[in-house]
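Predicted model and sequence below, questions to follow.
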Amino acid sequence: MKNISFQLLLPPKLSIVEVLEDLEEFSTLVLLLRATGLERRLKNPDSQHTLLAPTDDAFHQMGQETLFRILEDLELATDLVRMHILSGSACCSQLKGDLLAGRQQIRAVDGSLLKLDHHRAGVMRIGGAHIVDCDIMASNGVIHMVDAIVRQEDLVMRTGGHMDSFLIRL
């Protein structure tokens, strides 16, 4: 006779921001969320979001001068962070299903359409950033750890925004 065990899955108690605060590799992102006021949006229990969360290493790949410019310019920081937030909760299996169904882009809350594709051995990319850890669950959505900042050349289209001025400011 086989032993069968069941594990009860409890819903997460921490918000997206609280989960990030508990993980040391997101200190730069947490700093930007607080500085821009977007922390409130990602703590809100009444709305669901997907966050493409760049690690500290991803921010450092931008170069120290660029990172300092972002940290000093609140509008630039806000634009950058908003490109990494999606409305609604989208786990990796849903994103893969979207790809299989022919959907090759996804909209960020700033209006940008981010390119969605597979790269190297099925690793998923959004906006050129590889998802290195999928489905970090929070009470108000899901976090996907990414290895890079969403890149301008991987934006399909930016509607209602200031992409040209964003790039010039960078």
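Everything's here; your move. Residues are numbered from 1 along each chain as shown.

For the protein, just list every one of the helices.
In the chain, the helices defined using DSSP state H lie at 16-22, 27-36, 38-43, 56-60, 64-72, 74-82, 92-100, 163-169.

Which residue would you name as the spatial centre of this structure?
Nearest residue to the geometric centre of the chain (C-alpha atoms, centre = their mean): Leu52, 1.2 Å.

Quick one: distance of the longest strand along the chain to the chain centre.
Using DSSP state E to define each element, the chain has its longest strand at strand 129-138. Distance of strand 129-138 from the chain centroid (C-alpha atoms, centre = their mean, to the nearest Å) equals 8 Å.

Next, the buried residues of that strand.
Buried positions in strand 129-138, judged by neighbour count with 16 or more other C-beta atoms under 10 Å: Ala129, His130, Ile131, Asp135, Ile136, Ala138. For glycine as for every other residue, the C-beta is placed from the backbone atoms N, C-alpha and C.

Which of the residues you listed sits closest to Asn3?
Taking C-beta to C-beta as the measure, Asn3 sits nearest to Asp135 out of these, at 27.9 Å.

The closest one touches Gly141, doesn't it?
No: if you go by C-beta atoms under 8 Å, Asp135 and Gly141 don't touch, sitting 10.7 Å apart.

What is the least confident helix or strand in the chain?
strand 155-158 (a mean of 43; mean pLDDT, DSSP states H and E).

Reformat the buried residues of strand 129-138 as JSON lines; add pLDDT and distance to Met83.
Below are those laid out as JSON lines (pLDDT from 0 to 100; distance: C-beta to C-beta, whole Å):
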{"residue": "Ala129", "pLDDT": "92", "distance to Met83": "10"}
{"residue": "His130", "pLDDT": "92", "distance to Met83": "16"}
{"residue": "Ile131", "pLDDT": "94", "distance to Met83": "15"}
{"residue": "Asp135", "pLDDT": "94", "distance to Met83": "21"}
{"residue": "Ile136", "pLDDT": "96", "distance to Met83": "19"}
{"residue": "Ala138", "pLDDT": "97", "distance to Met83": "19"}
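
Those: which two are farthest apart?
Pairwise across the buried residues of strand 129-138, and taking C-beta to C-beta, the largest span is found between His130 and Ala138, at 20.8 Å.
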